[in-house]
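**Student:** Build me a structure from this.
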Amino acid sequence: MTNGLRRAGLLSAADEEWVRQQNARAELAYTDPSSEIRDCYSPTTNPGARSWFRAEARELLDMTSGYIALLDRYEIPWVELRTEKPGRIVYEDEVQVVAVPLTHEENWPLPVPGARTAEVSGADRARRR
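**Tutor:** Numbers count the residues shown, from 1 in each chain. Sure, this is the predicted structure:
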């Protein structure tokens, strides 16, 4: 979600730099799944694919606290999700899994810049289910 804020140009310069540095640190320490499977995040091949961190990956999970603080500063709601079945597995290693969810929401919380999206309230979405 922080990368979505960054891509949308919604971060302050200081936060943009912090995200860049933290991402670079993570890229040095952990495998980028898209370097192993080029289309693992492809919206066509793997729509809605998302990374999940394994519960045993304590150091990686600890790194998320700064990202969570940034989301809180920008009043971006988030939830911690835990599951044993994240969906169709596209990639996995010792610390993470990339999976396509068993169901895929039409709109994610952060729209792609320039894309047209319909606004649907939480109440409307709940009624449709």
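**Student:** low-scoring pLDDT stretches of this structure, where are they?
**Tutor:** Where the chain drops to pLDDT under 70, the residues are 104-129.
**Student:** again, only using 80
**Tutor:** Applying pLDDT under 80 to the chain flags the ranges 103-129.
**Student:** can you give me the helices in it?
**Tutor:** 2-7, 13-29, 33-36, 58-73, 122-128 (DSSP state H).
**Student:** any idea which of those is most buried?
**Tutor:** Of all those, helix 2-7 has the most neighbours on average by mean count of other C-beta atoms under 10 Å, namely a mean of 16. Any C-beta I mention is one placed from the backbone N, CA and C, and that applies to glycine too.
**Student:** chain center to it, what's the gap?
**Tutor:** 10 Å (C-alpha atoms, centre = their mean, to the nearest Å).
**Student:** Send me that helix as CSV with only the CA atoms.
**Tutor:** In CSV, the C-alpha atoms belonging to helix 2-7 read as follows (Å, rounded to 0.1, in the frame of the first residue of the first chain):
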residue,chain,number,x,y,z
THR,A,2,2.9,2.4,0.7
ASN,A,3,4.2,1.7,-2.8
GLY,A,4,0.7,2.6,-4.1
LEU,A,5,0.9,5.9,-2.3
ARG,A,6,4.3,6.5,-3.7
ARG,A,7,3.3,5.7,-7.3
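**Student:** gap between the closest residue to residue 46 other than its chain neighbours and residue 35?
**Tutor:** Leaving aside its chain neighbours, residue 46 sits nearest to residue 100 (4.8 Å; criterion: C-beta to C-beta, 6 or more residues apart in numbering). Distance, residue 100 to residue 35, by C-beta to C-beta, to the nearest Å: 19 Å.
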